[in-house]
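> My questions concern the predicted model and sequence given below.
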Amino acid sequence: MYPGPVVYAQEGDRVVVKVTNETPYNATIHWHGVRQRLSCWFDGPAYITQCPIQTGQTFTYEFTLVQQKGTLLWHAHISWLRGTVYGAIIIYPKTGVPYPFKYPYEEHILILGEYWLKDLIQLERGVLASGGAPPPADAYTINGHPGPNYNCSSNDAYKIDVVPGKTYLLRIINAGLNTENFFAIANHKLTIVEADAEYTKPFTVDRLMIAPGQTMNVLITADQPIGRYSMAMGPYMSARNVQFQKIPAIAYFQYAGARPNSLALSAQLPSFNDNLAVKTIMDGLRSQNLVNVPKEIDTNLFFTIGLNVQKCRSRNPRKNCRGPNNGVFAASMNNISFIRPNISLLQAYYDMINGHFTEDFPGVPLKLYDFVNGAPNNIPNDTQSLNGTRTKVLEYGSRVQLILQDTGTVSTENHPIHLHGYSFYVIGYGNGNYNPQTAKFNLVDPPYMNTIGVPVGGWAAIRFVADNPGVWFMHCHLEIHLSWGLTMAFIVKNGNGEMETLPHPPADMPKC
Ligand code: C2O
């Protein structure tokens, strides 16, 4: 199936998914946004919490949906396989618990994606071997369909049939690989009621920006004249000089009574680099209720994120050094470019196996080069990062504040940063370099997210309480950036109580 099957559940459910790998490649599945309370073994990122499931083998994921409801997604978490291996997770509230909005007439899932004609594992290998930037996706898709802008799909666009006057809940998921996206429906307003599976104050917009890994629930009323209205999904990409897919995917929002082939009103998307449109959406995201943001902090972290260039070390530079200035693209956090270990970090940590990682991920950037905001006109020849598998250790229960700062040594960009095992409060964000004297924080009703698009050349501040023991990946959810090393892992230590301790691994854990 493409997209894959939907996991339907209810808050508090125990979810058991038996995964058999029938692909010719190693595979794992990640339950994006599921907080995996005391179940880090089942989180899914390959070589972080588990060894991959090999071809023909089976692994059973088992976890409880503790205090979580709403829309999330699952996806493969190895190489670029998530580009086509993904599906929705729908978690309904407990029986009898009402929604904070009037429950609509009907609900629909819309998964935005990118389609690639090439085998995705080969594609990643090829891009990494070239040292250069990836090619654009072959198509954007809505529920697997590119729509009429693409020849291959001109007659099978995805369509939602609606009854005039009724209200619908759309569960929108971005499962795309390498670009963030705008989404709009012609002549209709969208009211955001949930972001990353947490209720928000209702906020009405003409379009959404949704980053890969993010989910949004919106209400839409069929209150326009009977007709066909297009739904469009296209790129939000602020980096310069990169190739990316620019042709929107199209689907239809079609009223009962409309002539099936009548001309559809087309949806207007912002231009691909419209940072202001993105800010407007971000400004409106507020938690539904007053929330429990940690007021005091005991761990204050500052991570730079961004792309950099490494020196070409290939014997065949013309072929393998296609990055800026004949170098090789890399990406890093605090100037450390992550190297994937050969066994699972969680296993290495749990069994105290030496030699696979270090615990010295810096709390502030290494001063290898000065970070600047705004992309420079002249890209430096070498903004070398250090390569390593470094982790940051957090004591159980520590209250963490983390400033994420985009850097512009190669190109500034909006990076969707995703933290596994937690949601975090997005207490502030802004343009340029973070300045503690002038930064304003919202400690009252900030959104509680699992993926945050850090503004282009700007910063975002997040807070969370490290009360879920295990090894938790944090990375840019643009897949090419993950491949280039824009990632790190937190180790959260056990506390003293039984409910503060990671249980033993399951017996059928795959071996590397
Ligand atoms: Cu949705 Cu580590 O990923």
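Nice, I can see it.
> Under a three-state scheme, what state does the residue in the stretch 301-450 of the chain that the ligand sits nearest to occupy?
In the stretch 301-450 of the chain, the residue that lies nearest the ligand is His418 (5.1 Å; C-beta to the nearest ligand atom). C-beta here means a position set from N, CA and C on the backbone, and glycine is covered the same way. The local conformation at His418, judged by DSSP: H, G, I helix; E, B strand; the rest coil, is strand.
> And it, how far from Ile91?
18 Å (C-beta to C-beta, to the nearest Å).
> So which of the two has more stuff around it?
His418 (24 against 21; other C-beta atoms under 10 Å).
> Could you list every helix and strand in contact with the helix or strand encompassing Lys392?
Using DSSP states H and E, Lys392 maps to strand 391-394. If contacts are counted by 3 or more C-beta pairs under 8 Å, 6 or more residues apart in numbering; DSSP states H and E, strand 391-394 sits against strand 487-492.
> close to the ligand, is the strand it packs on?
No: residues of strand 487-492 contacting the ligand under C-beta under 6 Å from any ligand atom: none, with a closest distance of 8.2 Å.
> Quick check, the residue in the chain closest to the ligand?
Closest approach of the chain to the ligand (C-beta to the nearest ligand atom) occurs at His32, with a separation of 3.6 Å.
> Just want the angle from the next helix-or-strand element following the strand holding Lys392 to strand 487-492.
Next helix or strand after strand 391-394 toward the C-terminus (DSSP H and E): strand 398-406. Inter-element angle recorded for strand 398-406 and strand 487-492: 170 degrees (by axes from the mean of the first three to the mean of the last three C-alpha atoms, to 10 degrees).
> Could you please name the strands strand 398-406 pairs with and the direction of each pair?
Note on strand 398-406: by DSSP bridges, its sheet partners are strand 299-310 (parallel), strand 458-466 (antiparallel).
> residues in contact with the most centrally placed residue in the chain?
Of all residues in the chain, the one closest to the mean position by C-alpha atoms, centre = their mean is Gly213, 2.8 Å from it. Residues near Gly213 by C-beta atoms under 8 Å, 6 or more residues apart in numbering: His32, Gly33, Leu73, Asn174, Pro416, His418, Asn450, Thr451, His477.
> ok, 7 Å please
Going by C-beta atoms under 7 Å, 6 or more residues apart in numbering, Gly213 touches His32, Asn174, Pro416, His418, Thr451, His477.
> backbone phi and psi for the first one, please?
Think His32. For His32, the backbone dihedrals (degrees, to the nearest 10) come out as phi -60, psi 120.
> these two touch, right, it and His75?
Yes: distance between His32 and His75: 6.1 Å, which falls inside the contact criterion (C-beta atoms under 7 Å).
> between those two, who's got more neighbours?
Using other C-beta under 10 Å as the criterion, His32 and His75 rank with His32 on top: 28 against 24.
> Give me the pLDDT for the more buried one.
Listed pLDDT for His32 reads 98.
> ok, it to Ile210 distance?
Counting by C-beta to C-beta, the separation of His32 from Ile210 is 13 Å.
> got it, and Thr49?
Taken as C-beta to C-beta, the span from Thr49 to Ile210 is 26 Å.
> do Arg259 as well
Following C-beta to C-beta, the distance that separates Arg259 from Ile210 is 31 Å.
> Same check on Arg463?
Here Arg463 is placed at a distance of 23 Å from Ile210 (C-beta to C-beta).
> which of these two has more neighbours?
Counted by other C-beta under 10 Å, Arg463 and Ile210 do not tie: Ile210 has more neighbours, with 25 against 20.
> can you list the residues of the chain near the ligand?
Checking the chain against the ligand by C-beta under 6 Å from any ligand atom, the hits are His30, His32, Pro45, His75, His77, Gly213, His418, His420, Phe473, His475, His477.
> if we can go back for a sec, ok, the spatially closest residue to the residue of the chain closest to the ligand that is not a sequence neighbour - how many residues close by?
Excluding its sequence neighbours, the residue lying closest to His32 (C-beta to C-beta, 6 or more residues apart in numbering) is Leu73, at 5.0 Å. The tally of other residues near Leu73 (other C-beta under 10 Å) stands at 29.
> Repeat that for the one 4 residues further on.
Here the count is done by other C-beta under 10 Å, and His77 has 26 residues near it.
> Ser474 is in contact with Val492, isn't it?
Not Ser; residue 474 is Met. No: judged on C-beta under 7 Å, Met474 makes no contact with Val492 at a distance of 11.6 Å.
> which sections of the stretch 301-450 of the chain are below the confidence cut-off?
Within the stretch 301-450 of the chain, the ranges that satisfy pLDDT under 70 run 367-382.
> for it, what spans make up the helices?
317-320, 345-350 (DSSP state H, counting those that start in this stretch).
> Please convert these to TSV, extending it with mean neighbour count.
Formatted as TSV, those follow (neighbours: other C-beta atoms under 10 Å):
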stretch	mean neighbour count
helix 317-320	13
helix 345-350	21
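> Would you format those helices as CSV with distance to Met237 included?
What follows is the helices of the stretch 301-450 of the chain, written out as CSV (distance: least, C-beta to C-beta, whole Å):
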stretch, distance to Met237
helix 317-320, 25
helix 345-350, 31
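> among the ones you listed, which is nearest Thr280?
In terms of C-beta to C-beta, the element of the helices of the stretch 301-450 of the chain nearest to Thr280 is helix 345-350, at 38.8 Å.
> Determine how far that closest one lies from the middle of the whole chain.
24 Å (C-alpha atoms, centre = their mean, to the nearest Å).
> which strands and helices sit next to the helix or strand that contains Val127?
For Val127, the host element (DSSP H and E) is helix 120-130. For helix 120-130, the packing partners by 3 or more C-beta pairs under 7 Å, 6 or more residues apart in numbering; DSSP states H and E come out as helix 479-484.
> Just the buried positions in the helix it packs on, please.
Buried residues in helix 479-484, counted by 16 or more other C-beta atoms under 10 Å: Glu479, Ile480, His481, Leu482, Ser483, Trp484.
> Quick one: mean pLDDT over it.
For helix 479-484, the per-residue pLDDT averages 98.
> any residues touching that helix, and which ones?
Contacts of helix 479-484 (C-beta under 7 Å, 6+ apart): 80, 124, 127-128, 134, 177-178, 329-331, 415, 475-476.
> Return the set of residues that bridge with Ile109.
Following DSSP bridges, Ile109 is listed with bridge partners Arg171.
> mind checking how far it is from Gly87?
9 Å.
> Quick check: neighbours shared by those two?
Listed as contacting both Ile109 and Gly87 by C-beta under 7 Å, 6+ apart are Val6.
> Number of residues surrounding the spatially closest residue to Glu124 that is not a sequence neighbour?
Distances taken as C-beta to C-beta, 6+ apart place Trp80 nearest to Glu124, at 4.5 Å, with adjacent residues excluded. Trp80 has 25 neighbours, counted by other C-beta under 10 Å.
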